[in-house]
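> what follows is a predicted structure for the sequence shown.
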Amino acid sequence: MILDLLRHGETELGGGLRGSLDDALTERGWAQMRAALEQAGPWDALVSSPLQRCARFADEVGERLVLPVQLEPGLQELHFGDWEGHSAAQLMETQAEQLGRFWADPYAFTPPGGEPVEAFAERVLAAIAGLQRAYAGKQVLLVTHGGVMRLLLARARGLPREQLLQVEVGHGALVRLQVQDGQLLEVV
């Protein structure tokens, strides 16, 4: 399966840790995503996180391409618990030590009230395995989140878990992976 991963664009409530917050895209966010897909495709299937910053754009693409959109809850962003809606700068003022531990090894430290990264990884990888079973030999567009893309790219690149948050994924980024026999390979 070829999996094109598209990160949502800029959101109305700005940067920071959005997690499960369901804010909408800005006009710039819509433009970032449209620009990313100008030379991409074609796709056999269209899958999206159910959060509106992904799903509403996926609906637009689905209408244009006459493809149904499959919403996949397993591909939602990491839930950051008490940190949701806060920027790193805000957290540095009040929880610098905890934020530093999270950045150093997100698998070893969970934000207060948040989803452990290990559980997030299991959820995302199970969803990808389900897509591989459903769309073997197909080309799929997945509209998703930065955390999901970082996780999949870190796995494809063979990075140690401590480097998960060092993977750069900008708003509207589009990357291609090949998924074969449970293995992820980055296609450059």
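Looks like it came in fine.
> distance-wise, check the closest residue to H145 other than its chain neighbours relative to S20.
Excluding the flanking residues, the one nearest H145 by CB to CB, 6 or more residues apart in numbering is E77, at 3.8 Å. For glycine as for every other residue, the C-beta is placed from the backbone atoms N, C-alpha and C. Counting by CB to CB, to the nearest Å, the separation of E77 from S20 is 7 Å.
> what do you get for E118?
18 Å.
> who's in contact with the longest helix seen in the chain?
Identified as the longest helix of the chain according to DSSP state H is helix 117-134. With contacts defined as CB atoms under 8 Å, 6 or more residues apart in numbering, helix 117-134 is touched by 1, 3, 45, 47, 72, 74-75, 78-79, 106-107, 110, 140, 142, 147-148, 151-152, 155, 164, 179, 182, 184.
> list only those of the residues you listed flagged as buried.
Listed as buried from these are 1, 3, 45, 47, 72, 74-75, 78-79, 106, 110, 140, 142, 147-148, 151-152, 155, 164, 179, 184; burial here means 16 or more other CB atoms under 10 Å.
> could you pull out the strands for the protein?
With DSSP state E, the ranges of strands along the chain come out as 2-7, 45-48, 69-71, 139-144, 174-180, 183-187.
> go ahead and flag the most central residue of this protein.
When CA atoms, centre = their mean is applied to the chain, the residue found nearest the centroid is H145 (2.4 Å).
> distance to T26 added to the strands of the chain, as CSV?
Converted to CSV, these look like this (distance: least, CB to CB, whole Å):
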stretch, distance to T26
strand 2-7, 14
strand 45-48, 18
strand 69-71, 21
strand 139-144, 16
strand 174-180, 18
strand 183-187, 29
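> can you say which of those strands is nearest to G85?
strand 2-7 (18.6 Å; CB to CB).
> partners of that closest one, with directions?
strand 139-144 (parallel), strand 174-180 (antiparallel) (DSSP bridges).
> so who does the nearest residue to S20 once chain neighbours are set aside touch?
Nearest in space to S20, with sequence neighbours left out and distances taken as CB to CB, 6+ apart, is H79 at 4.9 Å. Applying CB under 8 Å, 6+ apart, we find H79 in contact with 19-20, 114-115, 120.
> quick one on the thing from earlier: can I get the strands paired with strand 2-7 in CSV including distance to L67?
Output for the strands paired with strand 2-7, formatted as CSV (distance: least, CB to CB, whole Å):
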stretch, distance to L67
strand 139-144, 8
strand 174-180, 17
